[in-house]
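Enquirer: One predicted model, sequence on top.
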Amino acid sequence: MLLSRKRLLFFFVSFLMMAIIVNAATPPSKHRHFDDDDDDDDDDHKKPKNDDDNDNDSKNNPDSETTTPKKESWLEDIDFDAIEGEVRPVGSGICKDAKCDGTDNDQCFETCGNLATPEDIYGCKHDKTWALTFDDGPSEFTHELLDILDKLDVKATFCVMGSHVKKFPEVIKRAYESGHQIASHTYSHPHLMSLSNEDIVYEVRATEEAIEDVIGVKPKYIRPPYGEADKRVKGLLKQMGYKVLMWNVDPTDYDVYNLKDGAQRIQDTFEKVLKDNNSSLNVHADDGFISLQHDLYRVSIQQVPQIYEALRKHDYSLTTAAECIGDDEPHIRMAAPRPAASASNSFSGKSLPTNLSGFNLPPNNKALFDKQNVDKNKQESSGSIVASVGYISTLLAAMAAWINYTI
């Protein structure tokens, strides 16, 4: 009877230990980085529904939460006493009417009070010149845009976000080495007029550093997010050595990218400007034009060949924004660029970006990333099993000795 009790207890403890082994050997579920095409909510993000469920949304939301680096040294060369003006909360209602077109502002959005100054660049100086500019990149679609521009032999201007440069350094490197102009669009795309003087400096300097780290130059031009910049903001930008780059043609791709006729609406804006030889946004009555698009939206990128054909049909020359105002050097050359951080070009067949939040990968790279995760999980699971077996074996031996001693 005593032996049976010993065996029974030993078997019970053994069964309990085996259950622990099985549990330890099962890899924990991980939060996915990619949509898995089901209807549950286990994904980091969901593709917004649109009329034709196309792939025009790049998920590079410039308004998504991003932590902007802050270094006190960036503030040392700024004369804050010379800066006049106050912080304007978003939606402060300073505009004179609902259209936001009072004499004290130009093209403004949630925050009003913009002031168009003679130094601001809205259009090209000369007739029959046009500059294509693209905001909010780089993104996973920018390589496709660069391929198109290379084929057309066209140089454009990219107003880049510092946080996106960190994610896709090889994209901005390719754009720069291909002869395109690189301009700043801040680090996290905030409403600059709603920030403190110090935070405005941080936004600009953080972007400047991100760009320098990759291509070794500093941009001379900056496009304020949403086109918002009052006297205070522009005073800070001027102290930091920047020229404000605006636009006088806006096809509003950010409003129409997910519509079935989005491509046609974008094209119609260009066609109307070409027909009228003028634009309602032509604040300075410039002879040439600078258009605003975003390399976040595939529909806008894929429309570039048609836009190019329309411009060439009307005998327009396409150039960068800096060149079309007579500036042959839109960058300030710095020291040789430091090696890019661990994030590298996700489309080059090399290692993938370490931070993929808010970005979508092409199918091939998605599979590669998933495979890397699976291999990593297998290695972790194997190590976990070996460690668990060794631990449980020792525990079983100790339990057997204890049972033999106590019963």
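Expert: Alright, I've got the coordinates.
Enquirer: Give the next helix or strand downstream of the helix or strand containing L145.
Expert: Taking DSSP states H and E as the definition, L145 sits inside helix 142-152. Next helix or strand after helix 142-152 toward the C-terminus (DSSP H and E): strand 157-160.
Enquirer: Check which helix or strand H164 maps to.
Expert: H164 belongs to helix 162-167 when assigned by DSSP H and E.
Enquirer: what do you get for V244?
Expert: strand 243-244.
Enquirer: Could you pull out the buried residues of stretch 81-90?
Expert: By 16 or more other CB atoms under 10 Å, the buried positions in stretch 81-90 come out as 83, 88. Quick note: C-beta positions are derived from backbone N, CA and C, even for glycine.
Enquirer: Please list all residues in contact with F134.
Expert: If you count contacts by CB atoms under 8 Å, 6 or more residues apart in numbering, F134 has them with 142, 145, 156-159, 293-295.
Enquirer: Skip the chain neighbours and tell me the closest residue to it.
Expert: Excluding the flanking residues, the one nearest F134 by CB to CB, 6 or more residues apart in numbering is D295, at 4.3 Å.
Enquirer: Would you agree that neighbour is in contact with H143?
Expert: No - assessed by CB atoms under 8 Å, D295 is found out of contact with H143, at 9.6 Å.
Enquirer: Quick one: list the elements packing against the strand holding V244.
Expert: For strand 243-244, the elements it packs on are strand 221-222, judged by 3 or more CB pairs under 8 Å, 6 or more residues apart in numbering; DSSP states H and E.
Enquirer: Quick check: which helices or strands does the very next helix or strand once past the strand it packs on pack against?
Expert: Scanning forward in sequence from strand 221-222 by DSSP H and E, the next helix or strand is helix 231-239. Contacts defined by 3+ CB pairs under 8 Å, 6+ apart place helix 231-239 against helix 197-215.
Enquirer: switch to 10 Å and redo it
Expert: With contacts defined as 3 or more CB pairs under 10 Å, 6 or more residues apart in numbering; DSSP states H and E, helix 231-239 has these neighbours: helix 197-215, strand 221-222, strand 243-244.
Enquirer: can you pick the most crowded of the contacts of F134?
Expert: In terms of neighbours by other CB atoms under 10 Å, the contacts of F134 top out with D295 at 32 neighbours.
Enquirer: quick one, what contacts that residue?
Expert: D295 makes contacts with 58, 60, 133-146, 156, 158-160, 164, 171, 175, 253, 301, 304, as judged by CB atoms under 10 Å, 6 or more residues apart in numbering.
Enquirer: same deal with K128?
Expert: So K128 contacts 277, 287-289, 311, 314-317 (CB under 10 Å, 6+ apart).
Enquirer: which residues of the stretch 301-407 of the chain score low on pLDDT?
Expert: 335-407 (pLDDT under 70).
Enquirer: any idea where the strands of the stretch 51-200 of the chain begin and end?
Expert: Ranges of strands in the stretch 51-200 of the chain, per DSSP state E, counting those that start in this stretch, are 129-135, 157-160, 181-184.
Enquirer: Name every strand pairing with the strand holding V244 and say which way it goes.
Expert: Strands adjacent to strand 243-244 in the sheet, as given by DSSP bridges, are strand 221-222 (parallel).
Enquirer: what mean pLDDT would you report for the partner strand?
Expert: For strand 221-222, mean pLDDT rounds to 99.
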